[in-house]
Structure formats: C-alpha cells, structure tokens
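[1] this is a predicted model, with the sequence first.
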Amino acid sequence: MQVGTEQISLERTSEGWAISGRSQIGPPFDLVTRSLRVLYDQEWKPRGLAVDLTAGSQVIKMATTVTGTTAESQLTTNGTPSQKSDTIDEAAVLLLPGAIFAPYEAVAARLRAAAPGATLPVYVASQGSVAMTVGESVEEKIQTLGRLITARRTRITLERPGGLPPLEVEVWGDEAGRLLRVSIPAQSLDAVRDDVASVSARRVTVARAGDEQVRIPANGFSLAGTISKPAGAGGKPLPAVVLVGGPGLTDRDETLFGIPIFGQLADRLADAGYLVLRYDKRAVGQSGGRAEAATLADFAEDLRATVRLLANRKDVDRRRLAVVSHGEGGAVALLAADRENRITALVLIAAPGMTGADLNLAQVTRALAQSDRPEAEKQATIDLQKKIQSAVLTGNGWEGISPALRQQADIPWFRSFLAFDPVRIMRDVEQPVLVIQPLLDAQVPPINADRLEAAARARRKPAAVEVVRLPGLNHLLVPATTGEPAEYSVLTDRNVSPTVAASIANWLQTIW
C-alpha cells in the first residue's frame, strides 16, 4: 500500500555532489519534508546538510556543517533552538532518522565499490556516529518499459544511536550506483524508484542469450511475453511450448516464494530443443487488461491468443505446438484446448482433477487439520466455507456472511473456479495429454492426477494419455520434506527438479 511519495534529485556540481529531496508520507509516519539538501565533495566526503520538515506535531529545521572530523548542528524544534557538536569520520555517510530516503543516494554510491564484510562510517545528523556493516550483494535484472536495469541488491546492518537494536536494510543501486530501492523490514517499509515500482516493470529472474520480447494481441489489449530458443536454432521451424501459470497475479516466470518456476522450466525446455513462450498474465507486469472481472474462460482466451501468435511464426512448426500448464493453469489449458485445434498436445502439471469447489474445500479442510484450533471452531469454518461457496455459485445466501468476506469471494474468477469441472471438460478434449503429479503436493494432492487420468482415458475420441508421478517434489516442483505450504519459505533447494522438463521433453518426442 502506497503511503507517500518522495522526490529525490542527485546532481554533480563544481564542488562535488548534491542530494535534494522533499516528501509527504502519511500515517503511521505523518512526515512532510519541505526541503532537504545533503552535500558531499567530489570524493563523497561529507560537507553538510540542511532540512526543513514536520514530523507529527513537531516542526523541525536543522543545518549541519561538516569541517574535517567535526559536525556542527543548529537545530530548531517548534521554535526552540539548540546546538550540537559531534566528532565524526571524515568519510562518513550522512543520514537522517526516520523515513527520509534521499540521503541513501550516498549509501548506494558507496556500496557500488564496497566489499562484503566492510564497515562504513555513518553520521546520523544531530544524533551521533554509528557503523554500517556491508553484507552480501546479489545481482538483479529489472525490465522496465524503457530499458533493462542491472541492479545490485546489498544487505546492510545499520547501527542506531542510543543503544537501539541495529536495523537490517536492503539497498538497491543501478549500474551507475544510483538509488533504486530501500527496504526496511522492521518498519514494513519500502521506498522504490518510480520506474522500478511501475506495474510495467518486472524482475528478470532467468534470461537466455537471444531471448525475444514479444507483444501478444489479445481482446482489446496486449500481453507481454518472452520467447526462448535453443542455442544455434537457426531458421528451421521448431516444436513450440506455451507455459500457462497458476492462480493469482503471476508473472511470466511464475515466481512463487522466490522460485521462478517457469523461468527455470523455459530454460530447460529450450535446451531440450523447444521454442518456449511464457507470458505475464493480464494486468501483471508488462501485460495490459484488467483482472478483476476476468474468469477462467477469459484467461483461456488469453492463452489462445498466445497460441495464435506462435502458429503464425515462421520459426514454429505449427503441427507441434504444446501447452504446458501448472496448477490452476491446468483449468485454463483444458478450456483453451477444448476450443483451439492449433494446440496439438497438452501437459497438466499439478492440475486440478476435481471441481474447484471440491478442491477449495479440501484445501481449507487440510489447513484446518494442521492447526491447533478447537474442533468446534474447525467445523464452523468448514460450514462457513460451504455457505460462501453456495452463495458465490447461486447469488443467494449471503445473510450472516461478513461484507469483507463477501467482497473477497464474490468475484467472477472465484465463481468460475468453483464451477469448473475438469472431468466434464476433458470429455471433449482431443489432444494427447500428459499428467505430471508431484507426489508431495499438498495443494493439489495426487488424487487429482488419478481423476485426470481416468477422465482422459474415458474421452469420446481416444488419444494418447500418460501419467508421470514424481516422488519427493511439492507443488512448486522442488524437493521437499512435507510438501505443506508452511514449508515453502524454508526450502533449501529452490530449483525446479530437472525431471519435470525431462518428462515433458521425452513425452513430446514420443507423440510427435
């Protein structure tokens, strides 16, 4: 949730560097910075700062002048003046307490050349000198509408005056050392540069040489995607794969709990000889459209648009065009395959094999079973979930359900999901089907694969069916111990198992 904005400028002058800023941040900070200016020399040694701000009910003006190792501060709080003199390091970074981020421009500049484990001096204006310890840095690539930014994300530990516990902070800088983002988990606060914060920006978690960015014409808007090819593909038409993701506003890499599932899967399938397209869902990343009124059928039409794009490309063998789905994407893939004969093969990974209503209730029941809530309370929650489902599907029976729950549940997507029946849709699907089921999947348990297999084998027009059951993998397709969602955040192996891509590639070779 956005709580405010801060305008920051960095300029190089004949005397050195000047950082300027002004901001307005609402509750719980209630901060208005009318003006801020922080000065450094050419070598990023501090010269001083001046700030005029209101924090809550306090009107504060401060001017600090640095001469060598001495910082002289003139402070006025609600009209009452005071003075303070501190000894500081002549290379100190000047920071201000609270939610004022412009001074972090100097931190980003310093971190560009700082090694892990280094300690940098910091002076918190009018409060005192502290140390900043540099942690490990990670390179991140961020694609905006304008360019691809290679960012450096560095964790720092910042001491605080007065014996307060240190702050863990993440500082992101771009290639030139300019500030991109500051994250302070203890304050639940992030300050993000507007081009990176834009809905059109995305983190590039997996990239291959020669990746092609494409726009996909959809129904009144366009989707954005990435096409990956085998190395040295040449001009020969290639078998193609479209990846379609699970629930929620997932991007083209289907990044869940820090694991770029589709990014890794696309990379391995491209290595196996396939042209692979993955795309941001509507209203996500660089894709247009709106998601609040979209149903599973709408997402299926988006998938059909990606298939049409590939079928018209000269580097695609349109006789070999598969859709590979994950999770709820299986429902989208089935709906699209039922209507799109350009799809020539269908892969359903951890996909629902029961109605959405049954799966939703099974997930709620499983989560309750693992909680320590009283049995009566568990049963009351299940009864409430059944009542909500009925109200969503029929439009009646909302009495006694809170407005907040109704607002969350009474939406087109959830209605379409609850009503979706994969067994009924599968009857008319004519493509060969591969079902891949991770056996530790706690979100879509293995019984779903059994039902999909039975439905695929009972189709009106028989076609190839194969089921691959992968032991030791959870819903995220990575090795796990329990498979429960509570385990996701502590997984040590965050790589999609290579057996997933290998199973897909091997099967496609047999049917094509």
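    Structure received.
[2] which SS state does the closest residue to N396 other than its chain neighbours fall under?
    What sits nearest to N396 in space, not counting adjacent residues and going by Cβ to Cβ, 6 or more residues apart in numbering, is S390, at 7.9 Å. To be clear about C-beta, it is placed using only N, CA and C from the backbone, and glycine gets the same treatment. Here S390 is helix, with the state taken from DSSP: H, G, I helix; E, B strand; the rest coil.
[3] what pLDDT is listed against S390?
    Looking at S390, its pLDDT is 97.
[4] so how far is V435 from it?
    30 Å (Cβ to Cβ, to the nearest Å).
[5] quick check: the residue nearest to N396 touching G397?
    Yes. At 5.5 Å, S390 counts as touching G397 under the criterion of Cβ atoms under 8 Å.
[6] just the pLDDT for the residue nearest to I447 when sequence neighbours are not counted.
    Computed as Cβ to Cβ, 6+ apart, the closest residue to I447 that is not its neighbour in sequence is G353, at 7.0 Å. On pLDDT, G353 comes in at 98.
[7] next one: R319
    In this model, R319 is scored at 97, pLDDT.
[8] tell me which strands the least confident helix or strand in the chain by mean pLDDT pairs with, and in which orientation.
    Lowest by mean pLDDT, DSSP states H and E among the helices and strands of the chain is strand 202-204, with a mean of 81. The strands that strand 202-204 pairs with in its sheet are strand 128-143 (antiparallel) (by DSSP bridges).
[9] check contacts around the spatially most central residue of the chain.
    With distances taken as Cα atoms, centre = their mean, T255 lies nearest the centre of the chain, 5.7 Å away. Residues in contact with T255 (Cβ atoms under 8 Å, 6 or more residues apart in numbering) are 203, 205, 261, 263.
[10] hmm, 7 Å instead?
    By Cβ atoms under 7 Å, 6 or more residues apart in numbering, T255 lies in contact with T205.
[11] contacting residues around stretch 196-208?
    Residues from elsewhere that reach stretch 196-208 (Cβ under 7 Å, 6+ apart): 140-145, 148, 180-181, 195, 228, 251, 253, 255, 260, 263-264, 266-267, 270, 280, 285-286.
[12] what are the buried residues along that stretch?
    Neighbour-count burial for stretch 196-208, counted by 16 or more other Cβ atoms under 10 Å, picks out 196, 201-206, 208.
[13] how about stretch 433-442?
    433-438, 440-442.
[14] those in strands, which ones?
    433-438 (DSSP state E).
[15] could you dump those residues to a markdown table with distance to G232 and pLDDT?
    Output for those, formatted as a markdown table (distance: Cβ to Cβ, whole Å; pLDDT from 0 to 100):
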| residue | distance to G232 | pLDDT |
| --- | --- | --- |
| V433 | 32 | 98 |
| L434 | 27 | 98 |
| V435 | 33 | 98 |
| I436 | 29 | 98 |
| Q437 | 34 | 98 |
| P438 | 33 | 98 |
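[16] closest one to V169 out of these, please.
    P438 (36.7 Å; Cβ to Cβ).
[17] any idea how far the residue nearest to N396 lies from P403?
    18 Å.
[18] who has more neighbours, those two?
    S390 (15 against 8; other Cβ atoms under 10 Å).
[19] which residues in the stretch 351-500 of the chain form strands?
    For the stretch 351-500 of the chain, applying DSSP state E, counting those that start in this stretch gives strands covering 433-438, 465-470.
[20] what about the residue nearest to I447, how many neighbours?
    By other Cβ under 10 Å, the residues close to G353 number 26.
[21] F299 and L334 touch, don't they?
    No. The criterion here is Cβ atoms under 7 Å, and F299 misses it with L334 at 11.5 Å.
[22] what comes up buried for stretch 417-425?
    Going by 16+ other Cβ under 10 Å, stretch 417-425 has these buried residues: 417-418, 420-422, 425.
[23] ugh, wrong one, stretch 74-82
    Buried residues in stretch 74-82, defined by neighbour count with 16+ other Cβ under 10 Å: L75.
[24] do the same with stretch 257-268
    Within stretch 257-268, the residues scored as buried using 16+ other Cβ under 10 Å are 259-268.
[25] in strands only, show me those residues.
    259-260.
[26] out of the buried residues of stretch 257-268, which is nearest to P237?
    Using Cβ to Cβ, those come closest to P237 at A266, 18.7 Å.
[27] show the pLDDT at the closest residue in space to E430 that isn't next to it in sequence.
    In space, and not counting its chain neighbours, E430 is closest to K461: 5.1 Å by Cβ to Cβ, 6+ apart. We have a pLDDT of 93 for K461.
[28] ok, G235 next?
    On pLDDT, G235 comes in at 77.
[29] what separation do you get for it and R155?
    For G235 relative to R155 (Cβ to Cβ), the value is 46 Å.
[30] the two - which one has more neighbours?
    R155 (16 against 7).
[31] surely L49 meets S35?
    No. Shown here, L49 and S35 do not form a contact pair, counting by Cβ under 7 Å, at 10.8 Å.
[32] between those two, who's got more neighbours?
    Neighbours were counted for L49 and for S35 using other Cβ under 10 Å; L49 has more, 26 against 12.
[33] can you point out the buried residues in the host helix or strand of the more buried one?
    L49 belongs to strand 46-55 when assigned by DSSP states H and E. Buried positions in strand 46-55, judged by neighbour count with 16+ other Cβ under 10 Å: 46-53, 55.
[34] out of those residues, the closest to V364 would be?
    A55 (44.4 Å).
[35] not counting sequence-adjacent ones, nearest residue to that closest one?
    The shortest distance from A55 to any non-neighbouring residue, by Cβ to Cβ, 6+ apart, is to L31 (5.3 Å).
[36] what about the one you found, how many neighbours?
    L31 has 20 neighbouring residues, counting by other Cβ under 10 Å.
[37] what's across from it in the sheet?
    Beta-bridge partners for L31, by DSSP bridges, are I25, A55.
[38] what's the helix or strand containing F299 packed up against?
    Element membership of F299, judged by DSSP H and E, is helix 296-311. Secondary-structure packing of helix 296-311 (3 or more Cβ pairs under 7 Å, 6 or more residues apart in numbering; DSSP states H and E): strand 212-217, strand 222-228, strand 238-244, strand 275-279, strand 316-326, helix 329-339, helix 412-419.
[39] output the ones you listed in CSV; the columns should cover distance to T65.
    Output for these, formatted as CSV (distance: least, Cβ to Cβ, whole Å):
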stretch, distance to T65
strand 212-217, 50
strand 222-228, 50
strand 238-244, 58
strand 275-279, 55
strand 316-326, 59
helix 329-339, 60
helix 412-419, 59
